[in-house]
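Everything below, folded, please.
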Amino acid sequence: MPRRTKIVATLGPATDNESVLDEMIRAGMDVVRVNFSHGTHDDHIRRAETVRNRARAHGHQVGVLADLQGPKIRIERFQEGRIELETDDHFVLDVKLGTNDGTRERVGVTYKKLPDDVVRGDTLLLDDGMLVLWVEEVNDTEVHCRVMVGGCLTNNKGINRLGGGLSAESLTDKDREDIKVAAEMGADYVAISFPRSADDIHEARELLRAAGGHGSIVAKIERAEALEVLEDIIKAADVVMIARGDLGVEIGDAELPAVQKRIIHVARSMDRVVITATQMMQSMVESPIPTRAEVFDVANAVIDGTDAVMLSAETAAGRYPAKVIEAMDRICAGAESQRTSSAAERRIHMHFKRADEAIAKATMYTANSLGVKAIAALTESGATPLWMSRISSGIPIFAMTRHVETRRKVTLYRGVYPVSFDVTTPDHATVNKEAIDELVRRGAVRDGDMIIITKGDLMGVHGGTNAMKIITVGEHDIMEQ
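Just a heads-up that it's a prediction; the model follows:
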């Protein structure tokens, strides 16, 4: 059985060599992440084009996710590049201080409204919580703090408020320009950082469409306040990313595991795709093997039902980009072999508004009950295989489509595999035979295997799936449902 959970790998300096990309593709990379927090527009476009060319050379389909920087709230820079803070030291965050004028006593801040968002008694977390400051006093331009947990502080580190509440807008001017670049590069997914509400998702989608982009929108859940309107944000988005770095800093590490499980459950129940991200294999930035804790982390996300697991610095800047994908592939496959990760979720009490959604869910109920070996979903937009993939199952779903954009999109869906398939005849019997022949050619099925084919009466029409057919490979008798 092919691995069902998808692997997202971040591009960066470590992946710029084409031979490294080739190794990553062979290792099982499904989607690449282009991080707009680093690099130039030309870098992003070049990297996306290169990975698509290399994937095509290997006969694979690789999706592209453009990840916007968002309003990362950071300190500015120090005169000496770094300082050491000791417990009980006094330290000032000064929004009027020059960009490069930081000292051991104070440093500038990129977010000029910080004094408006904090009060005495707040806890501020710097560098993903490595340093902890307690707010003693606030005036118009300065936040006076006492150091609770000290350490080395270097340039441009992030600032979070414990419990959330920093009110910077989700989409910055840089993001709006980057959305145009994402449209130009034909990104299959565009990730919105730090969304506060569904309105942020709607605005990003409108900007992307206005720029000519057709990608799906990913909502990165990384603010504490986003959890208060989680269902609204998920409903507005196509995909949810559990960005555990900033989210864990804001809500606290102890709360993060339960929140991760909740987000995965809610996203799947709302027929949305979910990515689990941040530090999944962090030790493999330097090490050729993962820690046991990392193995458990990835496996638990798979068992919980995540569609994809994501690598960041591990591939973008790490020493072993292909090895970390190979390791993640093994862990995902091992977790998927456990019954808890493939047991059927029936959803028999659901009500459907569309025929294609009803066909998708009926197909999975039938396939899980009948011992079907594979599902061939003839699709235009990819909606039918998406709905199918929301029902837990170990049965592979082949999204058979003529549209390259749809093939790239389904690279993120758990248990769905893209197949180039162009219907050349209106004759349904011929189409069925061609679909079966393609699955046999791929080694997915053989004579005697039972499969299900879904398609529409009017082939080539978006949203037109209205039929499922149960077929035994190599036999002429066909039972219709």
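
Got phi/psi on the closest residue in space to Asn155 that isn't next to it in sequence?
Closest residue to Asn155 apart from its sequence neighbours, by CB to CB, 6 or more residues apart in numbering: Arg77 at 4.2 Å. From N, CA and C alone the C-beta is placed, and that goes for glycine too. Main-chain torsions, Arg77, degrees, to the nearest 10: phi -110, psi 150.

can you check the one 5 residues further on too?
Dihedral angles of Arg82 (phi, psi; degrees, to the nearest 10) stand at phi -160, psi 160.

State the number of residues packed around it.
12 (other CB atoms under 10 Å).

what separates it from Phe194, distance-wise?
Going from Arg82 to Phe194 by CB to CB, to the nearest Å gives 26 Å.

How much space separates the spatially most central residue of the chain from Asp30?
Taking CA atoms, centre = their mean, the centroid of the chain lies closest to Ile275, which sits 3.7 Å from it. Computed with CB to CB, the distance linking Ile275 and Asp30 is 11 Å.

between these two, what contacts are shared?
Common neighbours of Ile275 and Asp30 (criterion: CB atoms under 8 Å, 6 or more residues apart in numbering): Val8, Ala308, Leu412.

Redo those residues as a markdown table? Include neighbour count, secondary structure and distance to Asp89.
Shown next, in a markdown table, are the shared contacts of Ile275 and Asp30 (neighbours: other CB atoms under 10 Å; DSSP: H, G, I helix; E, B strand; the rest coil; distance: CB to CB, whole Å):
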| residue | neighbour count | secondary structure | distance to Asp89 |
| --- | --- | --- | --- |
| Val8 | 27 | strand | 40 |
| Ala308 | 26 | strand | 42 |
| Leu412 | 26 | helix | 46 |
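
Ramachandran angles for the residue nearest to the centre of the chain?
phi -110, psi 130.

tally of neighbours for Glu286?
Number of residues near Glu286 (other CB under 10 Å) recorded here: 10.

Quick check: closest non-adjacent residue to it.
In space, and not counting its chain neighbours, Glu286 is closest to Arg319: 6.1 Å by CB to CB, 6+ apart.

try Ala224
Gly164 (2.9 Å).

Make sure the one you found is actually in contact with Gly252.
No. Assessed by CB atoms under 8 Å, Gly164 is found out of contact with Gly252, at 11.0 Å.

More neighbours: which of the two?
Neighbours per residue, other CB under 10 Å: of Gly164 and Gly252, the larger number sits with Gly164, 20 against 15.

Surely the more buried one is within a helix?
No. Counting by DSSP: H, G, I helix; E, B strand; the rest coil, Gly164 is not found in a helix; it is coil.

What does the pLDDT read for it?
With respect to pLDDT, Gly164 scores 90.

where do the strands sit along the stretch 251-400 of the chain?
For the stretch 251-400 of the chain, applying DSSP state E, counting those that start in this stretch gives strands covering 273-277, 308-311, 374-378, 397-401.

which element follows the last one toward the C-terminus?
Once the chain leaves strand 397-401, the next helix or strand it forms, by DSSP states H and E, is helix 404-409.

Past that following helix, which element shows up next along the chain?
strand 416-420.

Mind listing the strands that following strand pairs with, and their directions?
Strand 416-420 has its sheet partners listed here by DSSP bridges as strand 397-401 (parallel).

Quick one: residues in contact with the partner strand.
Residues from elsewhere that reach strand 397-401 (CB under 8 Å, 6+ apart): 374-380, 382, 385, 388-389, 406-407, 410, 413, 415-421, 435, 438-439, 444.

Next, the angle from it to strand 374-378.
Interaxial angle, strand 397-401 versus strand 374-378 (axes from the mean of the first three to the mean of the last three CA atoms, to 10 degrees): 20 degrees.

Name the residues of strand 397-401 that come out as buried.
Residues of strand 397-401 classed as buried: Ile397, Phe398, Ala399, Met400, Thr401 (neighbour count, 16 or more other CB atoms under 10 Å).

Which single one of the residues you listed is nearest to Ser170?
Using CB to CB, Ala399 is the member of the buried residues of strand 397-401 that lies nearest Ser170, at 31.3 Å.

what's the burial count for Asp89?
16.

With Asp253 instead?
Asp253 has 10 nearby residues by other CB under 10 Å.

Show the model's pLDDT score for it.
90.

do the same with Thr15
Thr15 is given a pLDDT of 96.

So it sits against Asp22, correct?
No. At 10.6 Å, Thr15 does not count as touching Asp22 under the criterion of CB under 8 Å.

Now for Asp449: which residues touch it?
By CB under 8 Å, 6+ apart, the contact list for Asp449 reads Lys373, Ala374, Thr472, Val473.

closest to Ile45 among those?
Scanning those for proximity to Ile45, where the rule is CB to CB, the winner is Ala374, at 36.8 Å.

partners of that closest one in the sheet?
Here Ala374, judged by DSSP bridges, has bridge partners Ile451.

which residues touch it?
The contact partners of Ala374, by CB under 8 Å, 6+ apart, come to Ile395, Pro396, Ile397, Phe398, Leu439, Ala444, Val445, Asp449, Ile451, Ile452.
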